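Undergrad: Okay, here's the prediction I keep looking at, along with the sequence it came from:
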Amino acid sequence: MINKEKIPLIIGLSIPLLMVILLAASIYLPALGAHPKTNFLYCDGDEYSRTKYVLKANKLIEQEVKYPQHYTMQQEAKLNIYDVTTGSSKKISYEQAQEMVLDGNIKSPDGFEVASDDSGGYGMFPFYYSHSNYGQKYLKKGNYSKKLEINLKSSSRSYYYDYGFNFIGWVLQGE
């Protein structure tokens with residue numbers, strides 16, 4: 001039997017434990033039901049590639065870009081499809097990509113989006129370290145966030161900007 005004098009102590013110790021459980025549940029429970037289903041097409045290239053890919057009527061179109069002669073081309077753009085179920089990328093040809101029906105919206109039909117690292121920084125004043133690695137990509141929806149394993153070969157990739165990744169669209173059909 002519980003002593004009536006110990007009830008405030010039990011309540012006082014239970015409240016922090018209950019708060020930790022509720023906080024953990026609010027963070028992890030929404031992510032349990034998040035299962036991305038829609039793959040996406042992206043371009044791994046350089047900011048100054050000779051080709052640019054755009055969507056018109058849900059189909060991929062290749063456009064040649066003319067630069068002044070003094071611009072040096074770093075590398076050609078390469079098309080890739082990211083498989084959300086396996087978490088891997090695969091290079092595909094322009095002809096294969098043209099057969100696909102693509103959706104150029106920011107969010108996929110199942111509500112996910114490809115986003116950059118916007119963590120900002122860490123620490124406490126006066127030892128606050130501000131950083132962000134925009135080259136790192138994540139698949140996000142609400143509280144769910146999954147780091148994408150995308151290896152970009154762009155020579156213009158830097159700590160703050162990543163010109164090597166260009167999201168094109170969500171694959172609706174034709175994979």
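TA: Structure received. Predicted model only: the values in this text are computed from it and were never measured.
Undergrad: Check which residues of whatever helix or strand Ser145 lives in are buried.
TA: Per DSSP states H and E, Ser145 falls inside strand 144-147. Neighbour counts over strand 144-147 (16 or more other CB atoms under 10 Å) mark Tyr144, Lys146 as buried. For every residue, glycine as well, the C-beta is placed using N, CA and C.
Undergrad: Can you dump the C-alpha atoms of that strand in CSV for me?
TA: Provided in CSV are the C-alpha atoms of strand 144-147 (Å, rounded to 0.1, in the frame of the first residue of the first chain):
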residue,chain,number,x,y,z
TYR,A,144,10.3,12.5,-40.9
SER,A,145,13.7,13.2,-42.3
LYS,A,146,16.0,10.7,-44.1
LYS,A,147,19.5,11.5,-45.3
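Undergrad: just checking, what packs against the next helix or strand after it?
TA: Once strand 144-147 ends, the next helix or strand along the chain (criterion: DSSP H and E) is strand 165-173. Helices and strands touching strand 165-173, as assessed by 3 or more CB pairs under 8 Å, 6 or more residues apart in numbering; DSSP states H and E, comprise strand 40-44, strand 51-56, strand 101-103.
Undergrad: Adding mean neighbour count, mean pLDDT and distance to Gly87, write the ones you listed out as a markdown table.
TA: Formatted as a markdown table, these follow (neighbours: other CB atoms under 10 Å; pLDDT from 0 to 100; distance: least, CB to CB, whole Å):
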| stretch | mean neighbour count | mean pLDDT | distance to Gly87 |
| --- | --- | --- | --- |
| strand 40-44 | 23 | 90 | 13 |
| strand 51-56 | 14 | 85 | 23 |
| strand 101-103 | 18 | 94 | 20 |
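Undergrad: Asn143 is nearest to which of the ones you listed?
TA: The closest of the helices and strands packed on strand 165-173 to Asn143 is strand 40-44. By CB to CB, the value is 20.7 Å.
Undergrad: who's in contact with that closest one?
TA: Strand 40-44 has contacts (CB atoms under 8 Å, 6 or more residues apart in numbering) with 53, 60, 77-82, 84, 89, 92, 97, 100, 102, 108, 114, 150, 152-154, 164-171.
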